[in-house]
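K.L.:
The amino acid sequence is not available; the structure is as follows:
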């Protein structure tokens with residue numbers, strides 16, 4: 001795993017001379033990030049964590065998704081991408097990371113809905129694909145192959161996730177972010193910007209909507225407001241059901257991400273606790289009588 005010093009000369013050759021010392025940025029439990037200035041340009045330098053390719057992260061695909069989002073006006077631009085070792089550099093956005101409470105405010109919900117609609121409808125094709133169920137299964141296999149323990153809760157969760165996929169059926173994939181944590185939203189003078197595109201790919205708009213809802217603890221009224229703003233009309237029962245089922249899929253992906261990270265990562269973070277917390281929420285969701293109702297409503301259609 002490369003250090004920052006390993007990349008500074010290469011970045012200076014690409015971007016101009018380094019000005020001052022790079023400063024570490026807080027947050028993130030996969031990579032290490034630094035703010036730096038090269039040739040008068042403020043940037044963020046991302047150094048991947050150990051074995052992040054096992055998390056289905058492709059740095060070239062991440063850069064392509066980030067460039068696509070920048071063209072759509074919802075993300076900072078890509079300044080450079082170095083290979084071997086990989087290092088992604090994006091333009092620094094002057095702003096503050098948002099909190100779930102801020103993102104639940106009506107104006108922010110409307111802005112996020114418009115942001116997601118813009119990227120989903122941009123018409124571009126990303127070089128990678130995203131399937132929450134497929135990724136969770138791959139994470140389980142990789143954890144086992146490296147001596148990790150896959151919790152018993154994985155089996156029931158996988159069965160429930162497969163039922164969700166059958167209920168929703170197949171829709172044309174769209175460019176999707178797939179990691180809509182509050183920390184990835186920055187409030188800037190130009191509006192809300194979305195960063196960290198390492199899990200982006202051609203996937204389901206419903207995963208993005210459900211992922212945003214669960215990560216930012218949206219209540220029923222806020223879910224309705226998000227969908228109303230996204231589709232620009234009141235949400236149907238099928239659309240509400242699809243969003244709520246994808247909250248489950250998001251937790252399943254997060255739980256198995258934690259299981260695999262507990263096996264491979266050397267970061268100082270309690271990945272076992274992280275996985276356990278998501279598995280508990282999965283269990284509660286599947287046990288709720290509304291889960292069966294949502295499966296039926298989603299299978300009836302999302303139009």
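P.N.:
It's in. Not measured: the values here are computed from a predicted model.
K.L.:
residue boundaries of the strands in the stretch 1-150 of the chain?
P.N.:
Along the stretch 1-150 of the chain, counting by DSSP state E, counting those that start in this stretch, strands occupy 23-25, 32-38, 41-47, 78-82, 87-91, 95-97.
K.L.:
tell me what the second one is packed against?
P.N.:
When you say that, I think you mean strand 32-38. Here strand 32-38 touches helix 4-15, strand 23-25, strand 41-47, going by 3 or more Cβ pairs under 8 Å, 6 or more residues apart in numbering; DSSP states H and E. (Each C-beta comes from the backbone N, C-alpha and C, glycine too.)
K.L.:
How about residue 216, nearest residue that isn't a chain neighbour?
P.N.:
residue 100 (4.1 Å; Cβ to Cβ, 6 or more residues apart in numbering).
K.L.:
Geometrically speaking, which residue is the centre of the protein?
P.N.:
Nearest to the geometric centre of the chain sits residue 179, at 1.0 Å (Cα atoms, centre = their mean).
K.L.:
Phi and psi next, for it.
P.N.:
phi -150, psi 60 (degrees, to the nearest 10).
K.L.:
so it sits right up against residue 196, yeah?
P.N.:
Yes: using Cβ atoms under 8 Å, residue 179 is in contact with residue 196, at 6.1 Å.
K.L.:
ok, how many other residues are close to the nearest residue to residue 18 once chain neighbours are set aside?
P.N.:
Nearest residue to residue 18, sequence neighbours excluded (Cβ to Cβ, 6+ apart): residue 12, at 5.2 Å. Neighbour count of residue 12, defined by other Cβ atoms under 10 Å: 15.
K.L.:
Residue 12 and residue 80: what is the separation?
P.N.:
Noted for residue 12: a distance of 11 Å to residue 80, by Cβ to Cβ, to the nearest Å.
K.L.:
How about residue 9?
P.N.:
The spacing between residue 9 and residue 80, counted by Cβ to Cβ, is 13 Å.
K.L.:
So for the two, which residue has more residues nearby?
P.N.:
Regarding residue 9 and residue 80, a neighbour count based on other Cβ under 10 Å identifies residue 80 as having more, with 19 against 10.
K.L.:
show me what contacts the nearest residue to the more buried one once chain neighbours are set aside?
P.N.:
Counting by Cβ to Cβ, 6+ apart, residue 80 lies nearest to residue 89, which is 4.2 Å off, once chain neighbours are set aside. Applying Cβ atoms under 8 Å, 6 or more residues apart in numbering, we find residue 89 in contact with 11, 15, 43-46, 78-82.
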